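1. fold the following, please.
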Amino acid sequence: MNRTRLPNRRAAETSNFSVDGQKYILTVGHFPDSGKVAEIFINSSMKLGSMADINAVDGAFAVSLALQYGCPIEVLRAGMKRNSDSTPQGPLGAALDAIKEIK
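-> Below you'll find the model as predicted:
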């Protein structure tokens, strides 16, 4: 399977979300031809380089590659760890849920 690369310059949407009181910034880019989510960036409001920030950035990178190789976002969303009330336990799951609200 081949990766669908994105143009060097592209539009993106930004929103804020939080998990357990920790604030994050989510940026979402889309494939220009289909409008489907193609990449995400997550940054923590904590100190850059903190474990929360590193985990959010690394997770977003992995999700972006999965999307560009054709993995449906619903599959990624379903694989995230959840609480008993179906809310996401981590920032990556919360970001994927927030994307659902953006679109």
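
2. where in the chain is pLDDT low?
-> For the chain, the stretches flagged by pLDDT under 70 are 101-103.

3. pick out the residue nearest the middle of it.
-> Nearest residue to the geometric centre of the chain (Cα atoms, centre = their mean): I40, 4.2 Å.

4. that residue: which element?
-> Assigned by DSSP states H and E, I40 belongs to strand 37-44.

5. grab the nearest non-local neighbour of the residue nearest to the centre of the chain.
-> A60 (4.8 Å; Cβ to Cβ, 6 or more residues apart in numbering). To be clear about C-beta, it is placed using only N, CA and C from the backbone, and glycine gets the same treatment.

6. quick check: buried residues in the helix or strand containing that neighbour?
-> In this structure, A60 sits in helix 51-68 according to DSSP H and E. Within helix 51-68, the residues that count as buried by 16 or more other Cβ atoms under 10 Å are A52, D53, A56, V57, G59, A60, V63, S64, L67, Q68.

7. picking that back up, quick check: the residue nearest to the centre of the chain vs D85, distance?
-> 24 Å (Cβ to Cβ, to the nearest Å).

8. all strands for the chain, in order.
-> 12-19, 22-30, 37-44 (DSSP state E).

9. what strands line up against the longest one, and which way round?
-> In the sheet, strand 22-30 lines up against strand 12-19 (antiparallel), strand 37-44 (antiparallel) (DSSP bridges).

10. and the contacts of that strand?
-> Strand 22-30 is contacted by residues 6, 10-18, 36-46, 52, 56, 91, 94-95, 98-99, 102 when judged by Cβ atoms under 8 Å, 6 or more residues apart in numbering.

11. same thing with the first one?
-> Outside strand 12-19, the residues within contact range by Cβ under 8 Å, 6+ apart are 23-29, 41, 88-91, 94-95, 98, 102.

12. ChimeraX command for the buried members of those?
-> A single ChimeraX command selects the buried members of the contacts of strand 12-19 (16+ other Cβ under 10 Å):
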select :24,26,28,29,41,88,90,91,94,95,98
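
13. now for the contacts of strand 12-19: which two are most distant?
-> G29 and Q89 (25.1 Å; Cβ to Cβ).
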